[in-house]
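In: Dropping the sequence and predicted coords here.
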Amino acid sequence: MTTKTSVKPEKHQFQAEVKQVLQLMINSLYSNKEIFLRELVSNASDALDKLRFAAISDDSLYAGDGDLRVEVEYDKEQRTVTIRDNGIGMNRDEVISNIGTIARSGTRQFLDSLSGDEKQDANLIGQFGVGFYSSFIVADKVTLSSRKAGDKPGKGIRWESDGSGEYTLETVKLAKHGTEIVLHLKEGEDEFLSDWQLRSIITRYSDHIGFPIRMSTEVKVDPEAEDSETKVEWNDINKASALWTLPKTEISVDEYKAFYSHISHATDEPLSWMHNRVEGNQSYTSLLYIPTNAPMDMMVSREERSGLKLYIKRVFIMDAAEQLLPHYLRFVCGVIDSDDLPLNVSREILQDSSMARKIRAGLVKRVLDTLEKMANNEPEKYQTFWDNFGQVLKEGMVEDMPNQQRIAKLLRFASSRNSDDKQVVSLSEYLERKVEDQDAIWFITADNQGSARHSPHLEVFKRDEIEVLLMSDRIDEWMMGYFRQFEDTQLKSVAKGELAGKDSADESEDTAAAEGIFKRIAEVLGDKVSAVKSSKRLTESAACLILDENEMAMHMQRLLEQAGQEIPSSKPVLEVNPEHALFSKMEAEQDEDRFVDFSNLLFEQAVLAEGGQLEDPAGFVQRMNKLLV
Ligand code: ADP
Ligand code: MG
C-alpha cells in the first residue's frame, strides 16, 4: 500500500522524561493492559468525528469514501495488531506535535502531575486518560502511518518507535487519508492475536462508539466446498449507533459506564448520570455524568474547560462546556445533541444564542434536580459528591443568583452541635432543630475548622444551646457576603454586628464605673480599635473582636493583604467580658503602667483567639511575663 519516498528515516528524540514516564505507565497499567485498544479506538473515533465536521463545509475531503469506520486486524505470523481509520489524519507537523512530543496527549497530563515519590505517582495515573502511548504496554514497536484528509498521497508520514527514547519519521506515499497504527506485540502478548479476544475487548469498551468498528474474517467463497477459496469479509462488531441516541431501556449500566470513560478520559466510575430527551421548539438529547472523583486540575484551571461535547444531529461540532454549562458545574461531563442549532454554529454564536441559553438553563435544572434527589434519597452517595465537589458548587451561590436558594439546599456545613467536623448539616436540618425564638441562622467563618470551633464568639451560643455553622473553606466568607437569607430566615455571622436579644434576664446595665474603664482601655488602644464595649457574647473569654455587619472577616483581610491587595482598613470593636476576673483586676488596678499592659493584653489575646498575628509578639511576651511574676 505504501512506497517510501525519502531515502532514510529521520531520527528524533523524545523529551528526556518521556522514557521514564512510559516505563512507569507500562508498569502501573499492566494489570489492565487491554485498555490500549480502547484508547486507540477512541482516537480513531475522534478522528472520524473531526473529518465529518470538516466535511460539512467541504465534502471533497471524503475523497469519495464517506463510509467512516474503524478497522481492527491482527496477523499471527507477523505478531501485529492493526487499528485503522479513514478519519481526518495528520500531516507531518501534527504527528510531531501530537504524537512525537506527547505535548498534546493524555500522557502529557500525567507527566505534568509527576512529583517525587514514584509509588504514589503510579496510583495517580488512574486519573488520566493515558492515550496513544498506552500502545507500549503491549507493543515493543509501534508504526503509525497517517495522511491528512485533503493532502496529496505523497504527503503521507510514517512514525515509528520502540518507546525507548527515539522515534523515526519518514515521508511515505499513502493511497488513502486517515491513520493506521500497527502494534508489534511484545514477547508473551500473543493473547491479543485472537479474533475472540479482540472482539470481546471492543465490545466491552467501545460498543457505544458512534462509528462502525469492523474486523475481518476469512470466509469460504463457496461454503459447501471442502477446498473452497477464501475471501476477506468485514463485519461490524459494535452497535455503531451513538449511545445517547438509543432509548434508555436499551442501554445497560455497563454501557453507560463505558461511555463515561470514553468521554471523560477518567478511570473512575460515574457517580450518577442523566439521560434525557427534550422535545419542543428546541429539541435536544443530553447525557450528562457526575464523576466520582475530582480531576486534578478542577480547582485551578478556570479557562479551557472541556468535557461537554456538542453534537448537532449526530455530528460532533465542538467542546462546548464553556457555553452550555455554568462554571460552577464544571465537574459535569457528557454530550448534548441538538436538532435545531445550525451546523455551522460558532463559539461566538453559541455564546449569545437564545437557543443555547435555553439549553444551558435546562442542563442546570437537570443537574440540580439530580443532586437534590441524590441528597434526599442517597445521602451517603451525596456525601461523596459533596466531599469532592462541594467547594465548586458553592461558587454557584454567587455565580447563579437565580438558583441560589436551590443551591443553598445542597450545601452542607460542619456544626457546633456535632463534635466531628465530618458530620455535616444542611440548612433545612438546621432550621428544623433551631431553638425557640431563634430568629437567624448563625455561622462563623475562620481560617480553619479549629479556630472556628474554638472561637470565643461561640460562647454565648453554647450557653443558649444555639447551633452555629462552622465555615473554613476559603470561598465561604465570599459566598456568605452574597447569601443573606435562606427561605424566611436571615443568615448572620456570630462575629459581626450587635447581638440583639442575647442578654440573659439578670444581666444588669453596665455601671458607670465599668463605662469609665472601657473608655480608659479605648484610650490606651488608640486607633487599633473603633470602640471598646461590654460584651454579650462571652461567657468564658475575657475579650473578643467584632466587625461591622458588612465588613470582611479578619482572616480574609489577612489573606488578601498577604496576597498584596489593598483592602479598606476596618477597625474592629473590642468587646470585653465584664464578668471576667481579668476585668475585675483591671477595675482595681491603681498602677497606670500595669493598666496599660492589661489593656494591650486584652486586645492581643482577642487577636490571637481569632487566629490572627500580633504586630509585636515580643512586646506581648514581655507584657505577659511582667504580669505573671
Ligand atoms: P488525547 O486523545 O487525549 O488527545 P492521545 O495520546 O490519545 O491523547 O492522542 C494524542 C493526539 O494525537 C490526539 O489528540 C490527536 O490529535 C492525535 N491522534 C491520535 N490518534 C489519532 C488518529 N487516529 N487520527 C488522527 N489524530 C490522532
Ligand atoms: Mg486519545
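Out: Ah, there it is. Numbers count the residues shown, from 1 in each chain. Ligands and ions are numbered 1, 2, ... in the order given.

In: For the residue in the stretch 351-500 of the chain that ligand 2 sits nearest to, which non-adjacent residue is closest in space?
Out: Using Cβ to the ion, the single residue of the stretch 351-500 of the chain nearest to ligand 2 is N388, 24.3 Å away. Yep, even glycine has a C-beta here, placed from its N, CA and C like the rest. Nearest non-adjacent residue to N388, counting by Cβ to Cβ, 6 or more residues apart in numbering: A294, 4.5 Å away.

In: got it, and V221?
Out: Nearest residue to V221 in three dimensions, chain neighbours excluded: E229, at 4.8 Å (Cβ to Cβ, 6+ apart).

In: Neighbours of that neighbour, how many?
Out: E229: 9 surrounding residues under other Cβ atoms under 10 Å.

In: What does the pLDDT read for it?
Out: Looking at E229, its pLDDT is 87.

In: Next, the contact list for it, please.
Out: Residues near E229 by Cβ atoms under 8 Å, 6 or more residues apart in numbering: K220, V221, D222.

In: Now rank these by neighbours and give me the top one.
Out: With neighbours defined as other Cβ under 10 Å, the most crowded of these is K220; it has 13 neighbours.

In: what bridges to it?
Out: Assessed by DSSP bridges, K220 has beta-bridge partners T230.

In: Can you tell me how far it is from ligand 2?
Out: Distance check for K220 against ligand 2: by Cβ to the ion, to the nearest Å, it reads 38 Å.

In: repeat for L329
Out: Distance, L329 to ligand 2, by Cβ to the ion: 24 Å.

In: what residue ranges in the stretch 251-400 of the chain score low on pLDDT?
Out: Scanning the stretch 251-400 of the chain for pLDDT under 70 picks out 296-305.

In: just the strands in the stretch 351-500 of the chain please.
Out: All strands of the stretch 351-500 of the chain, identified by DSSP state E, counting those that start in this stretch, fall at 413-415, 424-425, 440-445, 468-471, 485-486, 489-493.

In: okay, now the domains of the chain?
Out: If you go by automatic domain parsing, the domain ranges for the chain are 18-236, 243-386, 412-493, 511-628.

In: which stretch among these comes nearest M397?
Out: Across the domains of the chain, M397 has its closest neighbour in domain 412-493 (4.8 Å, Cβ to Cβ).

In: on that earlier part again, so the residue of the stretch 351-500 of the chain closest to ligand 2 touches D268, yeah?
Out: No - assessed by Cβ atoms under 8 Å, N388 is found out of contact with D268, at 9.8 Å.

In: Tell me both backbone torsions, phi and psi, for E551.
Out: Dihedral pair for E551: phi -90, psi 160, per degrees, to the nearest 10.

In: do the same with H327
Out: Dihedral angles of H327 (phi, psi; degrees, to the nearest 10) stand at phi -60, psi -40.

In: Quick check: chain neighbours aside, which residue is closest to it?
Out: Computed as Cβ to Cβ, 6+ apart, the closest residue to H327 that is not its neighbour in sequence is E399, at 6.1 Å.

In: The one you found reaches P326, doesn't it?
Out: Yes - if you go by Cβ under 8 Å, E399 and P326 touch, sitting 6.0 Å apart.

In: Give me the more crowded residue out of those two.
Out: Taking other Cβ under 10 Å, E399 and P326 do not tie; P326 has more neighbours (19 against 15).

In: could you measure that one against A588, distance?
Out: Computed as Cβ to Cβ, to the nearest Å, the P326 to A588 distance reads 61 Å.

In: Likewise for N276?
Out: Note on N276: its distance to A588, by Cβ to Cβ, is 74 Å.

In: same deal with L343?
Out: The gap separating L343 from A588 is 86 Å, by Cβ to Cβ.

In: Compare those two (neighbour count), which wins?
Out: Neighbour count, other Cβ under 10 Å: between L343 and A588, L343 has more, with 12 against 7.

In: Quick check: L183 is in a strand.
Out: Yes - assessed with DSSP: H, G, I helix; E, B strand; the rest coil, L183 lies in a strand.

In: Pull the contacting residues for the residue nearest to it when sequence neighbours are not counted.
Out: Leaving aside its sequence neighbours, L183 sits nearest to A139 (Cβ to Cβ, 6+ apart; 3.9 Å). Applying Cβ under 8 Å, 6+ apart to A139 gives the contacts F36, V81, G163, L183, H184, L185, K186, E189.

In: let's see it at 7 Å
Out: Residues in contact with A139 (Cβ atoms under 7 Å, 6 or more residues apart in numbering) are L183, H184, L185, K186.
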